[in-house]
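Student: The sequence isn't on hand, but the structure is:
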């Protein structure tokens, strides 16, 4: 079997995955990249190849940071690695096997090392009415622009906090969309608390500059921005019709047919949880991230993690961490020597440090508001798939459910197709509040394969011993 | 609702301390509370073995009790008591545990399988000494009639059927029992892992991290925990873990009108697929080969299931005795300490709540219990 | 609910709930349905509540639709193709493939 193995299987073709693939190939490793999307780029650079070559007008709207991704995609193509696109990973075995599916057939990939580069996802924003048609994440609007050249047609309300909020607003303004209001949950207090982080953030000055420039452009376009909002609610009976919120001591309502929500980005930990790796809790940004050592090493010898999946630092940091993980992996396989590593790593370590510099400021400036983490209204849906409300969860906590897994058993929360991706963090927060314990002590859902649904036919037809070769 | 999740202090005394909050502990506790006893359930935290969470939901009669006719009787008793048990839980807690008794099938693929099953069921009947045994064999045509709209795979030759078989929503059952327990005044103590039980005069000290809980009687319903807790209390019971896998499909329109030994459609519409048995120690991780085997058999039996997506899988560790029959034992060396061990906690929930609990309360043991003690394992060893 | 910024991409004819619709090459099935008429793209099997895509990246599972007879496919992960038949997923799926 070992003669048929890859040296490295990379899960995810976003910036970390693409950079790691290119680097690993340069170091002489046999690499397989497995990605769910039918083209490289992950989410941040989604469809960048297509947009760069065929939709220049959209490229202008999306901006230079997006365009940067084209270089990475080019690098991946040039690397000549095996790229299993449109393949969904449903199980990872720590010994070195990745099980995936192209939608028709379940496949097995064996590799000596596995790099998880599955990235991040938007933090779910459970507010009343968030399950109505017409409500999407800010990232979803971006993806629609990137992959389909579409913008929402009616008035748009953009609500939440974080750098991506400004970015999407800026892109939509340039695309000529009708933005009814931007409601930011960021308060004056957040600015004050974040101020001490400013000096360190200056090392990543271009990020701050970009943020300020975006804000200026949005204001100049006449878009209404309301800050320090709370009690956000989405109104409508079978689709979104508007938003209501409190600000400056008053209630406001704004009509909108599309509502874009954003409260930061959190690591997608399904794969790291399925592998039963230890996870730590990020106190400011309220998310779980897998515990990693030098350059993405984990307590499992064959498993490494790079990019936002190990902690959110953005696309440029992800790229650098992908390179460093590839170097570390090559070293661990004995394919390069310490001296090679010491030569090649430092420039990427510098890159990584540079692109991480602004993060403590951003984390402090844009903490998710308490009422988003632990929705006060009992009627607010938390588990979208099974339609379990915050009130249901609090009642079950009163019954003594100590953690998410017993809660899952009592209520079915987390048992739907999304497998807890949309409700997991909120469940942890509600239980933490109910039991008077920190989230880190409450824990998270146990994730078992399949990490994404696949058909019984594929499971029935697969040959468990047959391994895909490059 | 009584705030019963505060940590117990050493002065707290109970009539009965039940160790284990799975299928067995709460069931037995409900009966004890009915008797007016002061009861606590000591349970562990969230991410431990918790076999009770890994449950198919069958209330199953056919095929149980090979070489132990008493177990056949005990199982039948539980199935008979289930409707009342379910109704009472619904009345008190509002939770519908979804119990139904439409009968159950074990589908048979091929002549060899059928012959083997006929022989096995025939033996159970014989062991019962001519008493009525409610299992019959149906040919393929009769099975098709019982499952309208379900196209059986070509290999299905027939099935064994029992009108006594049924199913229940095991998670709602767990929740309802917990809710009723607290509603009726029981003290539920999670995060109270028990390390040992010591005699203290006429009563017992149950040792937990934060101190002790005192009780006149102790029931060990701790699943695999019995292995560690039992021996110092004269209850060295030969249980072992046996892993079983279940695959769960996405919600589907109702198609399976009755439960089968390897298929069950829940009220929500998801279809559960089993069954497997592996000797894997205490590893409750998923084994891909086993998943493939279950999938293949399911696809052979009802080919249309191939279209469905599997959204979840899990594996759990059955608490298995050498003869697969339950243990209900009172310690000789430590009177007042009981142990209950079984891998059929769902099926036996009704009879545990309504009959076994009385035995713990001090009533004479049910007649079935002459077969359920620990002495039989010595006899089995020398047999 | 969505409008296309440009109309120069190649037209791809698809069916949405039996109605012939002009989609554009490169769009996902979910995007095409949202551009055709906003509102719900499915109803839930739990309560029949109306839902529509939320994340567009494959983690929310709100975009479940029946595509070419196969139920519960993530519409945001499938690009439109000529003759593709998309149906909104109404509640729980049926066991058999729709023909």
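Tutor: Right, received. Where do you want to start? In this text the structure is predicted, and so the values were computed from the model without any measurement.
Student: Where does the prediction get shaky in chain A?
Tutor: Low-confidence segments of chain A (pLDDT under 70): A:1-4, A:469-470.
Student: Quick check, central residue of it?
Tutor: residue A:120 (1.7 Å; CA atoms, centre = their mean).
Student: for the closest residue to it other than its chain neighbours, what are its contacts?
Tutor: Spatial nearest neighbour of residue A:120, excluding adjacent residues (CB to CB, 6 or more residues apart in numbering or on different chains): residue A:308 at 3.8 Å. The way it works is simple: take the backbone N, C-alpha and C, and place the C-beta from them, glycine included. Contacts were defined as CB atoms under 8 Å, 6 or more residues apart in numbering or on different chains; by that measure residue A:308 touches A:14, A:16, A:119, A:120, A:265, A:267, A:268, A:314, A:318.
Student: could you check the distance from the last one over to chain C?
Tutor: Going from residue A:318 to chain C by CB to the nearest CB, to the nearest Å gives 16 Å.
Student: Can you give me the neighbour number for that residue?
Tutor: 31 (other CB atoms under 10 Å in any protein chain shown).
Student: and the longest strand anywhere in chain B, how far from the chain's centre?
Tutor: Ranked by residue count, the top strand of chain B under DSSP state E comes out as strand B:309-320. Here the centre of strand B:309-320 is set off from its chain's centre by 14 Å, with CA atoms, centre = their mean, to the nearest Å.
Student: Contact residues of chain A facing chain B?
Tutor: Within reach of chain B by CB under 8 Å from any CB of the partner chain, chain A has these residues: A:91, A:93, A:99, A:396, A:398-406, A:409-412, A:415-417, A:419, A:435, A:442-443, A:446, A:448-450, A:453-457, A:459-460, A:462, A:464.
Student: which residues does the residue of chain C found nearest chain A contact?
Tutor: Going by CB to the nearest CB, chain A is nearest to residue C:52 of chain C, at 3.4 Å. The contact partners of residue C:52, by CB under 8 Å, 6+ apart, come to A:132-135, A:239, C:1, C:34, C:38-42, C:62-63.
Student: about what we covered before: how about the residue nearest to the centre of chain A, what does it touch?
Tutor: Neighbouring residues of residue A:120 by CB under 8 Å, 6+ apart: A:265, A:266, A:267, A:268, A:308, A:309, A:312.
Student: let's go with 6 Å and repeat that
Tutor: By CB atoms under 6 Å, 6 or more residues apart in numbering or on different chains, the contact list for residue A:120 reads A:265, A:266, A:267, A:268, A:308, A:312.
Student: which residues touch the residue of the stretch 151-300 of chain A found nearest chain B?
Tutor: Nearest to chain B, among the residues of the stretch 151-300 of chain A, is residue A:276, at 8.1 Å (CB to the nearest CB). Not one residue lies near residue A:276 by CB under 6 Å, 6+ apart.
Student: Residue A:401 now?
Tutor: Contact partners of residue A:401, counting by CB under 6 Å, 6+ apart, are A:407, A:410.
Student: Assign it to helix, strand or coil.
Tutor: Secondary structure, DSSP: H, G, I helix; E, B strand; the rest coil: residue A:401 is coil.
Student: From residue B:43, how far out is it?
Tutor: From residue A:401 over to residue B:43 the distance is 10 Å, taken as CB to CB, to the nearest Å.
Student: So what touches stretch A:427-445?
Tutor: With CB under 6 Å, 6+ apart, stretch A:427-445 has contacts from A:281, A:288, A:373-374, A:393-394, A:397, A:403-404, A:414, A:420, A:424, B:46-47.
Student: And that stretch, how far out from the chain middle?
Tutor: When C-alpha coordinates are averaged (CA atoms, centre = their mean), stretch A:427-445 and its chain have centres 21 Å apart.
Student: Okay, buried residues for it please.
Tutor: For stretch A:427-445, the neighbour count (16 or more other CB atoms under 10 Å in any protein chain shown) marks A:427-435, A:439, A:441-445 as buried.
Student: Of all pairs in these, which one spans the longest distance?
Tutor: A:433 and A:445 (17.7 Å; CB to CB).
Student: ok so, going back, name the nearest residue to the residue of chain C closest to chain A, sequence neighbours excluded.
Tutor: Closest residue to residue C:52 apart from its sequence neighbours, by CB to CB, 6+ apart: residue A:133 at 3.4 Å.
Student: try residue B:235
Tutor: Spatial nearest neighbour of residue B:235, chain neighbours left out: residue B:339 (4.5 Å); criterion: CB to CB, 6+ apart.
Student: Now do the helix or strand hosting the one you found: distance to the chain's middle.
Tutor: Using DSSP states H and E, residue B:339 falls within strand B:337-341. Distance of strand B:337-341 from the chain centroid (CA atoms, centre = their mean) equals 15 Å.
Student: Show me the strands paired with it, marking each as parallel or antiparallel.
Tutor: In the sheet, strand B:337-341 lines up against strand B:211-220 (parallel), strand B:327-330 (antiparallel) (DSSP bridges).
Student: Out of these, the one nearest residue A:103 is which?
Tutor: Of all the strands paired with strand B:337-341, strand B:327-330 sits nearest to residue A:103, with 48.2 Å by CB to CB.
Student: which residues sit against the closest one?
Tutor: For strand B:327-330, the surrounding residues in contact (CB under 6 Å, 6+ apart) are B:237, B:321, B:338, B:339, B:340, B:341, B:369, B:372, B:373, B:374.
Student: any idea what sits nearest the one residue in the stretch 251-383 of chain B that gets nearest to chain C, other than its immediate chain neighbours?
Tutor: Proximity to chain C, evaluated over the stretch 251-383 of chain B using CB to the nearest CB, is greatest for residue B:251 at 4.2 Å. Take residue B:251 and drop its neighbours on the chain: the residue closest to it by CB to CB, 6+ apart is residue B:269, 3.7 Å away.
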